[in-house]
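Participant: Got a predicted model here, sequence first, then my questions.
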Amino acid sequence: MLTEGMTGTLSWTGVFFGVVASACVSLNAIFTKKVMPAVDGNIWKLSYYNNINACVLFLPLILLFGELGSLASFSRSSDLKFWGMMTLGGVFGFAIATSQASRSSLPVHSHTMSQACAQTVIAVVYNSSSKSLLWWTSNLMVLGGSSAYTWVKSLEMKKTPQRVLPTQRRKNFCQGRKATWEFNHFK
């Protein structure tokens, strides 16, 4: 299969998968927001359940798609640098996922798009790849737009008071009642 850089034309396959990826990111953010009440708004619980589900689901998928042989013959399975980079990527992915879980879908989508764009630019620079002016312009527009959106949102957050979650209100209320009870009974 030819890529955009080899043919100099637009790849419809790339466009299709780009649109599908954006839709999946948006749906993920929407469903994450929808299930947060099921885990009492706890990002750590949600991340834990997501990781358990991924581990359980990936095993049959590896077998279903015949990738077990590829795993067995993988040449870098004993390479410490490879596993170190994979672990680092996992830590960063976990940190990003937990930071995004409590946000609405638009900021998450914007952040995910800018993250992917930044990773692409870093990979191109790291590998000393040659890209057209149009490619650089489009990537810088995405990064600039995401940065501007983040800046505007941070200004809005400074203006509006922070909301206390219902579970935190209950916790504060119960702690206050406990302190009052202890004060009244141990005078």
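Facilitator: Everything's here; your move.
Participant: who does the biggest helix by length in the chain touch, helix- and strand-wise?
Facilitator: If you go by DSSP state H, the chain has its longest helix at helix 133-159. Here helix 133-159 touches helix 105-126, going by 3 or more C-beta pairs under 8 Å, 6 or more residues apart in numbering; DSSP states H and E. Backbone N, C-alpha and C define where each C-beta goes, glycine included.
Participant: coming back round to it: list the buried residues for the longest helix of the chain?
Facilitator: By 16 or more other C-beta atoms under 10 Å, the buried positions in helix 133-159 come out as 135, 139, 142, 146.
Participant: And for S114, the neighbour number?
Facilitator: 19 (other C-beta atoms under 10 Å).
Participant: actually M85, sorry about that
Facilitator: A total of 11 residues lie near M85 under the criterion other C-beta under 10 Å.
Participant: Likewise for T32?
Facilitator: T32: 20 neighbours (other C-beta under 10 Å).
Participant: for S47, same thing?
Facilitator: 16.
Participant: Mean confidence (pLDDT) on whichever strand or helix holds it, please.
Facilitator: Element membership for S47 (DSSP states H and E) is helix 43-64. The average pLDDT within helix 43-64 is 85.
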